[in-house]
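Asker: Would you be able to build a 3D model of this:
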Amino acid sequence: MMCAKRGNELQRWQYRENHLHTAGISSIGCKTHLIVTYDGMIYIYEVNQEGQDDSTELLSLKKEIKVEEGRGDSAGAIISSIAWGPGNTHFIVGYPHQICVWKFEAANNEISLTKTIKTEWELTNVALAEDYIVASSEYRNVHIWNRSTGDKMAYDYLYDVEPDEEEDDEYLLPLCLTCLGHILVSTSHAGCALCIWDMRTGELLKRHEQLDGMLPEHMVYLQGMNSFLCMGEYKYTDAWAFPTNKSQYDKVISVCRRVEIEESKRLHGLPEL
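Answerer: Take a look at the predicted model:
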């Protein structure tokens with residue numbers, strides 16, 4: 001089931017219940033639309049901009065697109081991951097053995113397929129840059145293609161992103177991926193780290209190993225602070241900031257101070273009045 005909520009308004013969508021526990025629901029959103037991938041289908045919803053109205057849907061289904069199905073999981077469901085490209089004009093969907101890049105035309109709720117890449121190994125996560133297509137595989141390696149030609153990059157994949165030998169591979173989370181121009185930011189099970197890569201050369205530019213032994217499940221880029229918000233299953237949240245000017249630095253410092261105040265309240269309680 002998927003839900004949308006605004007104030008006291010609540011809207012629900014029920015998908016195929018017998019596959020819900022295996023397929024999962026992946027989605028991306030912007031100010032005007034929500035795009036959902038589920039079991040070989042793409043659903044395009046339009047956001048209601050009219051304000052609160054009991055007679056109006058929060059999200060209106062505008063389009064259902066059946067995509068080519070690859071091999072599913074043991075129950076036959078098609079597990080997918082999805083991510084925006086730069087400017088929200090394109091998005092990428094990763095299926096178990098196939099990557100699809102779609103052009104999105106918000107004005108008329110249309111999408112068109114611009115690139116398809118098939119893989120022999122199972123994909124777990126995807127990302128889209130201006131010049132590159134990125135995906136992590138079941139073996140926790142990161143693979144990169146030239147977006148224009150669809151050719152694999154010369155360095156094949158990033159060897160450093162792999163699990164520690166002592167880790168049980170069955171319980172390792174998929175890697176988080178975010179692209180900024182030719183820069184790729186990814187998590188790594190080797191040392192439980194945040195890695196910054198140059199996709200033009202495959203060079204590891206920086207490695208930060210302070211994720212407290214917990215790899216995040218989601219990573220969001222916050223442009224205003226040039227930072228990455230990492231979130232885990234049990235409300236574990238961490239932020240990595242890389243301010244490049246005074247405005248970004250001031251925002252980061254302000255947020256850090258507010259976090260310190262909130263943590264102090266939780267640890268020591270509020271003073272008696």
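
Asker: hey, let's count contacts and neighbours off CA atoms from now on
Answerer: Noted.

Asker: Give me the distance between Val101 and Glu57.
Answerer: Val101 sits at a distance of 29 Å from Glu57 (criterion: C-alpha to C-alpha, to the nearest Å).

Asker: out of the two, which sits in the busier spot?
Answerer: Set Val101 next to Glu57 and count neighbours by other C-alpha atoms under 10 Å: Val101 wins out with 24 against 17.

Asker: Let me know the helix or strand that the more buried one is in.
Answerer: For Val101, the host element (DSSP states H and E) is strand 98-105.

Asker: Return the set of buried residues in that strand.
Answerer: Neighbour counts over strand 98-105 (16 or more other C-alpha atoms under 10 Å) mark 98-104 as buried.

Asker: Need the pLDDT of Pro271.
Answerer: Looking at Pro271, its pLDDT is 50.

Asker: Equivalent analysis for Arg6, please.
Answerer: Listed pLDDT for Arg6 reads 76.

Asker: and it, what are its bridge partners?
Answerer: Here Arg6 sits in beta bridges with Glu9, as judged by DSSP bridges.

Asker: what distance separates the helix of greatest length in the chain from the centre of its chain?
Answerer: For the chain, the helix with the greatest residue count under DSSP state H is helix 246-268. Chain-centre distance of helix 246-268: 26 Å, with C-alpha atoms, centre = their mean, to the nearest Å.

Asker: With only the CA atoms kept, save it in PDB.
Answerer: The C-alpha coordinates for helix 246-268 follow below in PDB (Å, rounded to 0.1, in the frame of the first residue of the first chain):
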ATOM      1  CA  LYS A 246      30.300  31.300   3.900                       C
ATOM      2  CA  SER A 247      26.500  31.000   3.300                       C
ATOM      3  CA  GLN A 248      26.700  27.200   3.300                       C
ATOM      4  CA  TYR A 249      29.000  27.200   6.300                       C
ATOM      5  CA  ASP A 250      26.600  29.400   8.300                       C
ATOM      6  CA  LYS A 251      23.700  27.100   7.500                       C
ATOM      7  CA  VAL A 252      25.600  24.000   8.600                       C
ATOM      8  CA  ILE A 253      26.700  25.700  11.900                       C
ATOM      9  CA  SER A 254      23.200  26.800  12.600                       C
ATOM     10  CA  VAL A 255      21.800  23.200  12.100                       C
ATOM     11  CA  CYS A 256      24.600  21.700  14.200                       C
ATOM     12  CA  ARG A 257      23.800  24.000  17.100                       C
ATOM     13  CA  ARG A 258      20.100  23.200  17.000                       C
ATOM     14  CA  VAL A 259      20.900  19.500  16.900                       C
ATOM     15  CA  GLU A 260      23.200  19.900  19.900                       C
ATOM     16  CA  ILE A 261      20.500  21.600  21.800                       C
ATOM     17  CA  GLU A 262      17.900  18.900  21.000                       C
ATOM     18  CA  GLU A 263      20.400  16.200  22.000                       C
ATOM     19  CA  SER A 264      21.100  18.000  25.300                       C
ATOM     20  CA  LYS A 265      17.400  18.100  26.100                       C
ATOM     21  CA  ARG A 266      17.100  14.400  25.400                       C
ATOM     22  CA  LEU A 267      20.100  13.400  27.500                       C
ATOM     23  CA  HIS A 268      19.600  15.700  30.500                       C
END
